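In: got a predicted model here, sequence first, then my questions.
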Amino acid sequence: MFLDMNNEMSIDKVFGTLSAQRIFFTLAVWEKLAVSDIITKTKLSESQIHQTLKKLSNVQMVEKVSRGVYALTKTTTTEHLKKFYSQLLIEHVGEELYRLSKSIDTQPIEAVSVQLNALLLQWKPLIDQHYSFRVSSLVEAIIDKSVYEQNVINE
């Protein structure tokens, strides 16, 4: 099915859309999610989510595991794509955490906190598995700078 150029619903056509890639990345990290959680994490509309989930289901990349809850299938193609994209996400999240750690001295601390929180909300399982120490260090640096700024204001 993957290489069937005549098939309207081939994996390469479905997976070539941004919405399919966002949903795939999100399910690769979170394992299974309700539609409402997919909407929150991908920032896609509910109709986009439903249309894309249907297309991904038609090419056996996603399956409904219970009412309104979806997961990636265990097909060989899906597992290979999951490994590949998980590695890309690990690198991307690592780069984002590095960028945040370097921005503590140049950005308002509230902005850094908001960006870190957004990263955690979107990729928490991946961060817990690969970057828990780095996040702990970043949180400590944010707290230290907040305390320092508060002391400067109070003087």
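Out: Looks like it arrived, so ask away.
In: tell me if residue 91 really is in a helix.
Out: Yes. Inclusion of residue 91 in a helix is indicated when DSSP: H, G, I helix; E, B strand; the rest coil is applied.
In: sec struct for the closest residue to residue 43 other than its chain neighbours, please.
Out: Among residues not flanking residue 43 along the chain, residue 22 sits closest, at 7.9 Å (Cβ to Cβ, 6 or more residues apart in numbering). C-beta coordinates here come from the backbone N, C-alpha and C atoms, glycine included. Classification of residue 22 using three-state DSSP returns helix.
In: residue 22: neighbour count?
Out: Neighbours of residue 22 under the rule other Cβ atoms under 10 Å: 18.
In: gap between it and residue 59?
Out: Relative to residue 59, residue 22 is positioned 16 Å away (Cβ to Cβ, to the nearest Å).
In: picking that back up, pretty sure the residue nearest to residue 43 sits against residue 44.
Out: Yes. Between residue 22 and residue 44 there is a contact at 6.3 Å, judged by Cβ atoms under 8 Å.
In: next one: residue 144 from residue 113, what distance?
Out: 13 Å.
In: touching whichever strand or helix holds residue 128 from outside, list them.
Out: Under the criterion DSSP states H and E, the helix or strand holding residue 128 is helix 109-130. With Cβ atoms under 8 Å, 6 or more residues apart in numbering as the test, helix 109-130 has contacts from 26, 29-31, 40-41, 86, 89-90, 93-94, 96-97, 100, 103-104, 135, 138-139, 142, 145-146, 149.
In: do stretch 38-48 as well
Out: Contacts of stretch 38-48 with the rest of the structure, by Cβ under 8 Å, 6+ apart, involve 19, 22-23, 26-27, 30, 33, 35, 49, 52-53, 70, 121-122.
In: mind checking which of residue 144 and residue 113 has more residues around it?
Out: The residue with more neighbours, out of residue 144 and residue 113, is residue 113; 19 against 12, by other Cβ under 10 Å.
In: ok, that one to residue 142 distance?
Out: As judged by Cβ to Cβ, residue 113 and residue 142 stand 6 Å apart.
In: what distance do you get for the nearest residue to residue 30 once chain neighbours are set aside to residue 132?
Out: In space, and not counting its chain neighbours, residue 30 is closest to residue 125: 6.0 Å by Cβ to Cβ, 6+ apart. Separation of residue 125 from residue 132 (Cβ to Cβ): 11 Å.
In: that's all I had, so thanks and see you.
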